[in-house]
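[1] sequence isn't available, so here's the structure alone:
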Ligand SMILES: [Zn+2]
C-alpha cells in the first residue's frame, strides 16, 4: 500500500517534474541498492556446471533484501516459493481503483561467476560511470531502477488508479519459469501489462523498447555407425567391398546429416521471415560435434556421432511446429540413405524458449514508447519510431502466453551481459526509472 496521505490524479507535467527531481535526488540510494544486491550471490543453482548446494538460497536472500527496500517505499510484499529455497518476491502498491495494473518484472538470479578483472564477483567496483559486478547489468540495475521509480512515486504522493506490482523472480537464466514468473502469476498476482527492465541500453541506443524476440530450441541429433578397423575403409566405401556390412563410419553419416540441416537452413532464409527481423535472422547453428567409438581413437570406425544444435525461429510459430519440421526434414533425408533408413536418426529435444511478441501498435507499446522517448530526451537521447526485437530471451514470453502484453526496456547493456566483466552505466538507472514512472502514469492512471 502507498503510504502517501494525499490522493489525487496526476497533474501530468507538474507531477513529472516532481518525479524527475525525486528520481535524480535518490539515484545514489538506487546505486547503493544495486551494490547491496550484487553483494548477495544469487547465482541460479540449476545451471549446468554450477554447484547447486553452494548457491541454493541466494535468490531468496537477494529477494528478502529487496523486500526490505520495497516495504520502506510503501509496498506490501509477498514471497512466492514454488521451489524450496528459491523464493520470488512480489511487491504491491494498490491503486485507487478503476485503472489498469502494471508489473515491473526482474529476475534476481544471475549466471555463474567467471574469471574476470576483479577477484570478487560479488563486490561491486565503480570505475567512472561503470559499476562492475556479477548481475550488475543482467539485471540487478533493473531492480534498482524499479525501486527508484516506486520510491519517487511514494515521495511525490502520486496515486495511480491501477495497481503497480514488482515481480522479482528466480530461475530466469535457465528458463525455469514454472518456479519463477509463471509461479508468481499462478499465485494470483496477475496484471494487465508487464515491463521488464532487462538490458537494452547499448552505446548510443539508450533504453530500446523490445516487443519481440526469436524463439529458440536446443537439441541434439545422434547417428549410429558400425565399428571396425580403420584399414577396412576401402572395403566399406569402395566398389568391390562389402559396404555397410564391413563397417559404417558415423562421421560420414554425420556429414550427411549436417548437409541436410544446412539445406533446411538455406530454405529458412526464405520461409522463416518476420517484418521486425532482418532477412536471414533465423538460423540452425551447429555448436558441438562429437564422434568416436566411446573413446577418442583414430584407428577405428567411430560408431556414434552427435551434434548439438541451437536454432532460432520467428514469432508466430511454436516450438512444437519447429520440432516437427526439423524431424520431418531430417527423417525424409535419412530415407534416401540405406543405412540411415535402417538406423534412424535419434533426436533429443533439450530445451526451448518460446518466441515473444506484443503488438507494436498496441496501447501498451505506444505508452511505453512515448515514455521511453520522453525519458531519454532528458539526457539527449534520440527518439525511436517504435519498438524492435530483443537480442535475448526474457520472461516476456510467459506473460504473453497468458495474453498479457509485455515489453523489455532497461538500463543494462546486453553486450556485456553474461560476460566476465559485466558492468552497467549507473547513470542509466535514473533514466530507466523516469521511463518506468512515465509508463506507469500512462498506463495505470
Ligand atoms: Zn537477464
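    Right, received. Where do you want to start? Everything numeric here is computed off the predicted structure, so don't read it as measured data. Numbering: from 1, shown residues only.
[2] for the stretch 201-350 of the chain, just list every one of the strands.
    Remark: strands assigned in the stretch 201-350 of the chain by DSSP state E, counting those that start in this stretch are 210-213, 215-224, 284-292, 304-313, 346-353.
[3] any chance of the ones you listed in JSON lines, plus distance to residue 37?
    (Glycine included, C-beta is placed from N, CA and C.) Shown next, in JSON lines, are the strands of the stretch 201-350 of the chain (distance: least, Cβ to Cβ, whole Å):
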{"stretch": "strand 210-213", "distance to residue 37": "23"}
{"stretch": "strand 215-224", "distance to residue 37": "28"}
{"stretch": "strand 284-292", "distance to residue 37": "32"}
{"stretch": "strand 304-313", "distance to residue 37": "30"}
{"stretch": "strand 346-353", "distance to residue 37": "25"}
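[4] with mean neighbour count and mean pLDDT added, can I get the ones you listed in JSON lines?
    Converted to JSON lines, those look like this (neighbours: other Cβ atoms under 10 Å; pLDDT from 0 to 100):
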{"stretch": "strand 210-213", "mean neighbour count": "26", "mean pLDDT": "98"}
{"stretch": "strand 215-224", "mean neighbour count": "20", "mean pLDDT": "97"}
{"stretch": "strand 284-292", "mean neighbour count": "15", "mean pLDDT": "97"}
{"stretch": "strand 304-313", "mean neighbour count": "20", "mean pLDDT": "97"}
{"stretch": "strand 346-353", "mean neighbour count": "14", "mean pLDDT": "95"}
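[5] who in the chain is up against the ion?
    138-139, 198 (Cβ under 5 Å from the ion).
[6] can you rerun that using 8 Å?
    With Cβ under 8 Å from the ion as the criterion, the chain meets the ion at residues 107, 138-139, 172-173, 198-199, 392, 394, 412, 417.
[7] could you export the residues you listed as CSV, including pLDDT?
    Formatted as CSV, the residues of the chain next to the ion follow (pLDDT from 0 to 100):
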residue, pLDDT
107, 98
138, 97
139, 97
172, 96
173, 94
198, 98
199, 97
392, 90
394, 96
412, 97
417, 90
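[8] just the ones of the residues you listed in helices?
    Among the residues of the chain next to the ion, none falls in helices (DSSP state H).
[9] looking at these, which are in strands?
    residue 107 (DSSP state E).
[10] out of the residues of the chain next to the ion, which are buried?
    107, 138-139, 172-173, 198-199, 392, 394, 412, 417 (16 or more other Cβ atoms under 10 Å).
[11] and which of these is nearest to residue 405?
    Closest approach to residue 405 among these (Cβ to Cβ): residue 394, at 13.5 Å.
[12] relative to residue 431, how far out is that closest one?
    Applying Cβ to Cβ, to the nearest Å, the value for residue 394 to residue 431 is 20 Å.
[13] quick one: contacts for the residue nearest to the spatial centre of the chain?
    Central residue check for the chain by Cα atoms, centre = their mean: the C-alpha nearest the mean position is that of residue 394, 2.9 Å away. Shown in contact with residue 394 (Cβ atoms under 8 Å, 6 or more residues apart in numbering): 172, 196, 198, 210, 213, 356, 408.
[14] low-scoring pLDDT stretches of the stretch 151-300 of the chain, where are they?
    Along the stretch 151-300 of the chain, the model assigns pLDDT under 70 to no residue.
[15] any idea which residue of it lies closest to the ion?
    Nearest to the ion in the stretch 151-300 of the chain, going by Cβ to the ion, is residue 198, at a distance of 4.7 Å.
[16] residues touching that residue, list them.
    106-107, 138-139, 142, 390, 392, 394, 408, 410, 412, 414.
[17] average pLDDT across stretch 420-435?
    Throughout stretch 420-435, pLDDT has a mean value of 96.
[18] for the closest residue to residue 58 other than its chain neighbours, give me phi and psi.
    Among residues not flanking residue 58 along the chain, residue 42 sits closest, at 4.3 Å (Cβ to Cβ, 6 or more residues apart in numbering). Here is the backbone geometry of residue 42 (degrees, to the nearest 10): phi -110, psi 40.
[19] hmm, residue 42 is touching residue 56, no?
    No. Here residue 42 does not reach residue 56: they are 10.5 Å apart, not a contact under Cβ atoms under 8 Å.
[20] the two: which has the busier surroundings?
    Using other Cβ atoms under 10 Å, the more surrounded residue of residue 42 and residue 56 is residue 42, with 27 against 18.
[21] and residue 56, how far is that from residue 20?
    Relative to residue 20, and taking Cβ to Cβ, residue 56 is found at 41 Å.
[22] if you could redo that for residue 126, that was the one I meant.
    24 Å.
[23] neighbour-wise, which of those two wins?
    residue 20 (19 against 13).
[24] can you tell me the closest non-neighbouring residue to the more buried one?
    Excluding its sequence neighbours, the residue lying closest to residue 20 (Cβ to Cβ, 6+ apart) is residue 434, at 5.8 Å.
[25] tell me the secondary structure for the one you found?
    Following DSSP: H, G, I helix; E, B strand; the rest coil, we place residue 434 in the helix state.
[26] pretty sure it is touching residue 378, no?
    Yes. The pair residue 434 / residue 378 is scored as a contact, 6.7 Å apart, by Cβ under 8 Å.
[27] intersection of neighbour lists for those two?
    Common neighbours of residue 434 and residue 378 (Cβ under 8 Å, 6+ apart) are residue 20.
[28] in contact with residue 252, which residues?
    225, 237.
[29] state the distance from it to residue 305.
    The value you get for residue 252 to residue 305, if Cβ to Cβ is used, is 9 Å.
[30] mutual contacts of those two, please.
    residue 225.
[31] how near is residue 99 to the ion?
    Distance of residue 99 to the ion, given as Cβ to the ion, to the nearest Å: 29 Å.
[32] for that residue, what are its contacts?
    160-163, 444-445.
[33] and the two most separated of these?
    Counting by Cβ to Cβ, the most remote pair of the contacts of residue 99 is 163 and 445, 12.2 Å apart.
[34] how much space is there between residue 110 and residue 54?
    Taken as Cβ to Cβ, the span from residue 110 to residue 54 is 13 Å.
[35] what about the helices in the stretch 101-250 of the chain?
    141-156, 181-186, 233-237, 250-271 (DSSP state H, counting those that start in this stretch).
[36] give the buried residues for the second one.
    Right, the one you point to is helix 181-186. 181-185.
[37] what's the closest of those residues to residue 222?
    Looking across those and measuring by Cβ to Cβ, the closest to residue 222 is residue 182, at 31.4 Å.
[38] count the neighbours of the closest residue to residue 125 other than its chain neighbours for me.
    Residue nearest to residue 125 in three dimensions, not counting chain neighbours: residue 132, with 4.5 Å by Cβ to Cβ, 6+ apart. When counting by other Cβ under 10 Å, one arrives at 21 neighbours for residue 132.
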